[in-house]
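J.: what's the 3D shape of this:
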Amino acid sequence: MKVAVDTNVLVRSLIRDGSDQTAAAMRCMRENEVVVVPTVLLEAEWVLRDVFELKPAQIADAFEKLFGLFTVTIVQRETVARALLAFQSGCDFADAMHSAFAGGVEAFVTFDKRFARRGNSLGLAPPIRLLAVG
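T.: Residues are numbered from 1 along each chain as shown. A predicted model of the protein is given here:
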């Protein structure tokens, strides 16, 4: 069966904490053709970081493994892969996703100085521009 998974299913399959939910999530991931949408990845990163206190490198590693599963399809895979690369290079995951999905524009504007500095040092496209105040 082809199914899309919610964040809670994806997270349980990634953390493998031995719970009943983890067992069900692992079974789902193993027995189905699984589709993961970008918004689920965005929320999963937040849950893994905030709730389970994983470090960015651990989260990136988990997502890399997810990309390698033959039963998993990542919607807009190439775009998500660009965001994951930026994340692995020090960008906030949400910022990296926002930028990666902002195609067809001349710039991505923000008030976030750190994101602008990091994103531009990585050559993210579109370029990140600080929005002037005043």
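
J.: Tell me which stretches of this structure form strands.
T.: Per DSSP state E, the chain carries strands over the ranges 2-4, 33-36, 72-74, 108-110, 128-130.

J.: wait, E106 sits on P126?
T.: Yes. Counting by Cβ atoms under 8 Å, E106 does reach P126; the two are 6.3 Å apart. For the C-beta atoms, the positions are set from N, CA and C on the backbone; glycine is no exception.

J.: more crowded one of the two?
T.: Of the pair E106 and P126, P126 is the one with more neighbours under other Cβ atoms under 10 Å, namely 16 against 8.

J.: if I look at V105, how far off is A81?
T.: Distance, V105 to A81, by Cβ to Cβ, to the nearest Å: 20 Å.

J.: the more surrounded of these two?
T.: More crowded of V105 and A81, by other Cβ under 10 Å: A81, with 15 against 10.

J.: contacting residues for that one?
T.: F67, I74 (Cβ atoms under 8 Å, 6 or more residues apart in numbering).

J.: give me that answer again for 10 Å
T.: The contact partners of A81, taken as Cβ atoms under 10 Å, 6 or more residues apart in numbering, are F63, E64, F67, I74, A100.

J.: Among these, which one lies nearest to G18?
T.: The closest of the contacts of A81 to G18 turns out to be F63 (Cβ to Cβ; 21.5 Å).

J.: Just to check, that closest one is in contact with Q88?
T.: Yes. Counting by Cβ atoms under 10 Å, F63 touches Q88, with 9.2 Å between them.

J.: So between those two, which is more surrounded?
T.: F63 (25 against 17).

J.: Let's see the pLDDT reported for the more buried one.
T.: In this model, F63 is scored at 97, pLDDT.

J.: What sits closest to it if chain neighbours are left out?
T.: Spatially, and ignoring its direct neighbours in sequence, F63 is nearest to L84 (5.7 Å; Cβ to Cβ, 6 or more residues apart in numbering).
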